[in-house]
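K.L.:
Coordinates for the following, if possible.
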Amino acid sequence: MGKGDKRGLQRTDTGSTNLVGKFTQSVRRIVQDVKDEGTASGQTKEEVIDTNERLRAVRMRLDESYDTAKKALVGLMGKYNDSKAVNNIFQRYKLLKSMIKEVIRLETEYWTLVDIPKQEKQETVPAFVLRACTIMEKAQKSGEGVKTTAKLAEEAQSKKERIERLENMTTSQIDSENTQMTNDLYRLLKKYSGLRNLIRQLKNDYVNSKLYPMFPRYTMLKDMIKDIMLHPDYMEVCHEVDA
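P.N.:
Numbers count the residues shown, from 1 in each chain. Okay, the predicted model is just below:
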């Protein structure tokens, strides 16, 4: 092979190398552009990550309140059914009062159950969920206990891992995940609100029943429990199996 041929081959190799390098840079720029792209709502990647963290934290808080309300009402039904074996009306009357009071005491513990606002007619699902989030965040801060150093370190490590996962996702992927979390949270808010209202109504009915003598009140207490047992909001969740 002549010198001219070698020089031509070297130029060709160099040109191919440059072409590959430029192509790689182009791909990197495209990937970066996709990662940094905005959402339909105009949110930046940092903003969708913040929203993701916010939704996740509120979901954990709501799960706790929902489980507390559900277990209280399911437990009430179990105790009511067991009380049917008690033939002495005076003893059963005492049992009915005790089991109802155990549920409605949750009304006095503001950090146990949070109040969720009603959705306005023209309010979209995302807007309603974010408004509910704001309320729950305030309730969580006011009722939050002192955390140990180990607990704080555990939470910090968990958050670091979550942020790293989100950083490796595109803005659109995070936004899509946020949409799914918002819809899931909306459904849970509706179910929780239903149970919360049942407990509030039970408290009001129980307090009002104190005006009546024992025998009519005994019937009233039974009816209060049976009304919950047959209510759609309770029937929707009472068969859920806890993990």
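K.L.:
How is this structure divided into domains?
P.N.:
Domains of the chain are assigned by automatic domain parsing as 1-35, 44-235.
K.L.:
ok, and which of those domains has the densest surroundings?
P.N.:
domain 44-235 (a mean of 15; mean count of other C-beta atoms under 10 Å). Glycine gets a C-beta too; all of them are placed from N, C-alpha and C.
K.L.:
So what would you say the end-to-end distance of that one is?
P.N.:
42 Å (C-alpha to C-alpha, to the nearest Å).
K.L.:
Leaving out the residues flanking it, which one is nearest to D205?
P.N.:
Excluding its sequence neighbours, the residue lying closest to D205 (C-beta to C-beta, 6 or more residues apart in numbering) is M224, at 5.1 Å.
K.L.:
which element is the residue nearest to K210 when sequence neighbours are not counted on?
P.N.:
Closest residue to K210 apart from its sequence neighbours, by C-beta to C-beta, 6+ apart: R217 at 7.6 Å. Assigned by DSSP states H and E, R217 belongs to helix 214-229.
K.L.:
What of C238?
P.N.:
Counting by DSSP H and E, no helix or strand carries C238.
K.L.:
surely it meets L73?
P.N.:
Yes - at 7.4 Å, C238 counts as touching L73 under the criterion of C-beta atoms under 8 Å.
K.L.:
before we move on, back to that, how about TSV for the domains of the chain, with mean pLDDT added?
P.N.:
Output for the domains of the chain, formatted as TSV (pLDDT from 0 to 100):
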stretch	mean pLDDT
domain 1-35	48
domain 44-235	90
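K.L.:
Return the residues in contact with the residue nearest the centre of the chain.
P.N.:
Central residue of the chain (C-alpha atoms, centre = their mean): R59, 2.1 Å from the mean position. By C-beta atoms under 8 Å, 6 or more residues apart in numbering, R59 lies in contact with M181, D184, L185, L188.
K.L.:
mind checking how far the helix or strand harbouring it is from the chain centre?
P.N.:
R59 belongs to helix 45-83 when elements are defined using DSSP H and E. Computed by C-alpha atoms, centre = their mean, to the nearest Å, the chain-centroid distance of helix 45-83 equals 7 Å.
K.L.:
now stretch 102-112
P.N.:
Using C-alpha atoms, centre = their mean, the offset of stretch 102-112 from its chain centre is 20 Å.
K.L.:
In the protein, what residue spans correspond to helices?
P.N.:
3-35, 45-83, 89-104, 125-143, 149-167, 171-209, 214-229, 232-235 (DSSP state H).
K.L.:
how about JSON lines for those helices, with distance to Q119 added?
P.N.:
Formatted as JSON lines, the helices of the chain follow (distance: least, C-beta to C-beta, whole Å):
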{"stretch": "helix 3-35", "distance to Q119": "34"}
{"stretch": "helix 45-83", "distance to Q119": "15"}
{"stretch": "helix 89-104", "distance to Q119": "26"}
{"stretch": "helix 125-143", "distance to Q119": "5"}
{"stretch": "helix 149-167", "distance to Q119": "28"}
{"stretch": "helix 171-209", "distance to Q119": "9"}
{"stretch": "helix 214-229", "distance to Q119": "23"}
{"stretch": "helix 232-235", "distance to Q119": "15"}
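K.L.:
V114: which of the ones you listed is closest?
P.N.:
Of all those, helix 125-143 sits nearest to V114, with 4.4 Å by C-beta to C-beta.
K.L.:
Contacts made by the closest one with the rest, please.
P.N.:
For helix 125-143, contacts defined as C-beta under 8 Å, 6+ apart pick out 54-55, 57-58, 61-62, 110-111, 114-117, 119-120, 123, 182-183, 185-186, 189.
K.L.:
Noted, bye for now.
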